[in-house]
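Asker: A predicted structure for the sequence below; I have some questions about it.
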Amino acid sequence: MNERATWLRTHTCGELTLADEGREVVLNGWIENHRDHGQIVFLDLRDRYGVTQVFADQDTAAADDGLFDTLSKLGSEDVLSIRGVVRSRGADKVNKDRSTGEIEVVAHSVTVLSEAETPPFEIVDQAEANEELRMRYRYLDLRRRPLVEAMVKRSRFVTAVRTFLQDHGFLDIETPILTKSTPEGARDYLVPSRVHPGKFFALPQSPQIFKQLCMVAGLDRYYQIARCFRDEDLRADRQPEFTQIDLEMSFVEENDVLDLVEGLVVHSMKEGFGIEIPRPFPRFDFDDAIARYGSDKPDLRFGMELIDCTELAKKSDFKVFSAAVETGGIVKGLLAEGAADKFSRKQIDKLTEFVKGYGAKGLAWGKVTDKGVEGAISKFYGGDAGAELIARMGAKPGDLMLFGADSSKVVHRALGELRVQLGEQLGLRDPNEFRCCWVLNFPMFEFNDDKGIWQYAHNPFSAPVDWNVGDFGVDTENIRSRAYDFVMNGWELGSGSVRIHKPELQARVFDFLGISEQEQRENFGFVLDAYQYGGPPHGGIAIGVDRMVTLALARESIRDVIAFPKTATAYDLMAEAPGGVSPEQMAELQILSTAKVEEDGE
RNA sequence: GGGGGCGUAGCUCAAUUGGUUAGAGUACCGGACUGUCGAUCCGGUGGUUGCGGGUUCGAGUCCCGUCGCCCUCGCCA
């Protein structure tokens, strides 16, 4: 053997136990901590698998003259190979926080594999440095155990997904990353073509069209752990590139897809994170979800459903209520049980500001006492009216009632968000609980107020619920599509539908949306053509991996489960991407930039 | 594009109404120490207060602009 063999590890830093006592081992890893007591030294050696304590004193150093000198020079994050013997620490010295806490490795020799500069921040489990710095040095942040855990479990999760889908007859099929821009949907990331001057590829917002063409091809069951790209502004749960479990199945209806996905979710959450999820997932009609939770992604970990008080409000002396009803609006209430003394006037003002952020003009409220309603609306709800309201709300003394009065859209939006906010503030959302559900029968079309036109609400390939729907222009807002969302703990994790597989129907949808035949040809010509040659009935879904892993690990942001994330301005602080390109590169692509940039075109 | 928060030592933070030489913890460097595991003890280095301008006798602090990060509304079929 060559030199390598002398330092090559025999074990990782996470696997030695009392069972290995007396064994000669070689460990490789980074110095996490260094405790020098003069005649005796402790090192914590870290790798992906764990941390093992290394021990050295005068006696052990006898085997290697340089050992003590070397150890005294060592600093944080130096990379070492340690050769030594596993020894029991003794009962009084066990470190219970580590799997290797019962043993230590008595060092006989050490090889410095790499010396490290002092890192710009301390690599400890509880991050102290700010995220900006940690993103710039992501390779250091990734040494921290919470990040390692995220990477390990994410990998396990994705593997479980693949195993499940392979076992259910799905084929892992790659679709193009360089594809075609379409005017609909999110903004595309574009890639200029050198060979076709003036033409551009787009990065896929999802493999939607290609997976449907896989169905036309007869591949029957497709899946892909697919990277998707959307050039829109970021959020804690949104990155410009993200990962989806994308799948599509032929000769199926809703139940087939939903059943399969439930199995997939239960299996992979268990395998990846050890999380048990009860089946079946409850199913909500879109309208019911909105009516009961004010949201199309209800968090089912707590109740506090919206209570309709419109009938009561109609006859109220309270102008805010009666006026809302008279102008075609609604009045709904939220009941925060036992919360009356948890919210001061000031705190309720804050809730009012909160709902104003979602378009509400205000927030009516009352506290329930033995004597009736107290607070802002008490003037209008004394006596019988108050008793009636309390009965309608199902309230009891000590409860806080909150009301929204406005158009249906505003009330549901504001109270839906308020419900989640209250659930958080009152501690009703158990972070260890995972409640999934389906939301079905979404509106097919949405009216765009700005543009004054109807647009599709989900995606243009979703089939209408009524297969024989004649004229989309009649009662348009009540046409439902065979689309479904997969929701977990108030997060939309997946979205899919049964697709249109008949070209005439697809053409009618495009016609109704005002997409001319010419535009249809230009953007979707090959898709429309494909369906002329026999497309099977099919449907599918795409599930957000980043969001699902974030939820499972109870992290704040999807950045916490992505190895190399970008900032809120879609910038990679580590790679410094995007960056400039040379004039030669631009010239080759026959591209000029109109951007006013002072920095040199490096 | 709009709103909000933050920016002071390598890192995390402090600094009274605008007032002396901008401090602490940690990291780092040096020393001591034979059972630590956030080791401990002693000593030390370390600052363009994000950047640019303005007001003032005097600015970390006030004003204007700008840059960066985070949250959020719009946006995200």
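Answerer: Sure thing, it's come through.

Asker: okay, CA-based contacts and neighbour counts for the rest of this
Answerer: Will do.

Asker: For the nearest residue to A:Glu102 once chain neighbours are set aside, give me its contacts.
Answerer: Spatial nearest neighbour of A:Glu102, chain neighbours left out: A:Val94 (4.9 Å); criterion: C-alpha to C-alpha, 6 or more residues apart in numbering. Contact partners of A:Val94, counting by C-alpha atoms under 8 Å, 6 or more residues apart in numbering, are A:Gly101, A:Glu102, A:Ile103.

Asker: Among those, which one is most surrounded by other residues?
Answerer: Highest neighbour count within these, by other C-alpha atoms under 10 Å: A:Ile103, with 25 neighbours.

Asker: so who does it touch?
Answerer: A:Ile103 sits next to A:Leu16, A:Thr17, A:Leu18, A:Glu21, A:Gln53, A:Val86, A:Arg87, A:Ser88, A:Arg89, A:Val94 when contact means C-alpha under 8 Å, 6+ apart.

Asker: Look up which residues are beta-bridged to it.
Answerer: A:Ile103 forms beta bridges with A:Ser88, as assigned by DSSP bridges.

Asker: and it, how far is that from RNA strand B?
Answerer: 8 Å (C-alpha to the nearest atom of the strand, to the nearest Å).

Asker: Please read off the pLDDT at that residue from the model.
Answerer: Looking at A:Ile103, its pLDDT stands at 97.

Asker: And for the one 4 residues further on?
Answerer: What the model reports as pLDDT for A:Ala107 is 93.

Asker: what comes up buried for the host helix or strand of it?
Answerer: Per DSSP states H and E, A:Ala107 falls inside strand A:103-114. If you call a residue buried by 16 or more other C-alpha atoms under 10 Å, then strand A:103-114 has these buried ones: A:Ile103, A:Glu104, A:Val105, A:Val106, A:Ala107, A:His108, A:Ser109, A:Val110, A:Thr111.

Asker: now it, how far from the centre of its chain.
Answerer: Computed by C-alpha atoms, centre = their mean, to the nearest Å, the chain-centroid distance of strand A:103-114 equals 41 Å.

Asker: Next secondary structure element downstream of that strand?
Answerer: Defined by DSSP H and E, the subsequent element after strand A:103-114 is helix A:131-136.

Asker: still on that earlier bit, looking at the contacts of A:Ile103, which is nearest A:Ile307?
Answerer: Nearest to A:Ile307 among those: A:Val94, at 56.8 Å, using C-alpha to C-alpha.

Asker: where does chain A dip in pLDDT?
Answerer: Residue ranges of chain A with pLDDT under 70: A:1-4, A:61-65, A:467-470, A:596-602.

Asker: Counting residues, which helix of it comes out longest?
Answerer: Longest helix in chain A, counting residues (DSSP state H): helix A:145-167.

Asker: Please enumerate residues in contact with the very next helix or strand once past that helix?
Answerer: The element immediately downstream of helix A:145-167 (helix or strand, assigned by DSSP H and E) is strand A:171-172. If you take C-alpha under 8 Å, 6+ apart as the criterion, strand A:171-172 is touched by A:Leu165, A:Gln166, A:Leu219, A:Arg221, A:Tyr222, A:Tyr223, A:Gln224.

Asker: Report the buried members of the residues you listed.
Answerer: A:Leu165, A:Leu219, A:Arg221, A:Tyr222, A:Tyr223, A:Gln224.

Asker: Residue of the stretch 401-550 of chain A nearest RNA strand B, please.
Answerer: Nearest residue of the stretch 401-550 of chain A to RNA strand B, counting by C-alpha to the nearest atom of the strand: A:His458, 3.3 Å away.

Asker: does the nearest residue to A:Glu24 once chain neighbours are set aside count as helix, strand or coil?
Answerer: Of all residues not flanking A:Glu24 in the chain, A:Val85 sits nearest, at 4.4 Å (C-alpha to C-alpha, 6+ apart). Assigned by DSSP: H, G, I helix; E, B strand; the rest coil, the conformation of A:Val85 is strand.

Asker: Show the contacting residues for A:Val85.
Answerer: Contacts of A:Val85 (C-alpha under 8 Å, 6+ apart): A:Glu21, A:Gly22, A:Arg23, A:Glu24, A:Val25, A:Val105, A:Val106, A:Ala107, A:His108.

Asker: redo that, cut-off 10 Å
Answerer: Counting by C-alpha atoms under 10 Å, 6 or more residues apart in numbering, A:Val85 makes contact with A:20-26, A:54-55, A:60, A:104-108.

Asker: again with A:Lys502
Answerer: By C-alpha under 10 Å, 6+ apart, the contact set of A:Lys502 is A:Ala463, A:Leu528, A:Tyr531, A:Gln532, A:Gly534, A:Gly535, A:Pro536, A:Pro537.

Asker: before we move on, what about A:Lys371?
Answerer: Residues in contact with A:Lys371 (C-alpha under 10 Å, 6+ apart) are A:Gly382, A:Gly383, A:Gly386, A:Ala387, A:Pro397.

Asker: ok, back up a step: overlap between the contacts of A:Ile103 and the residues near RNA strand B?
Answerer: A:Gln53, A:Arg89, A:Val94 (C-alpha under 7 Å from any atom of the strand).

Asker: returning to what we had before: contacting residues around the residue of the stretch 401-550 of chain A closest to RNA strand B?
Answerer: Contacts of A:His458 (C-alpha under 10 Å, 6+ apart): A:185, A:442-446, A:481-485, A:495-497.

Asker: And A:Met393, by the same measure?
Answerer: A:Met393 is in contact with A:Leu306, A:Ile307, A:Asp308, A:Cys309, A:Lys332, A:Gly333, A:Leu334, A:Leu335, A:Ala387, A:Met401, counting by C-alpha under 10 Å, 6+ apart.

Asker: Surely the third one touches A:Leu334?
Answerer: Yes - A contact is recorded between A:Asp308 and A:Leu334 when judged using C-alpha atoms under 10 Å, the distance being 9.2 Å.
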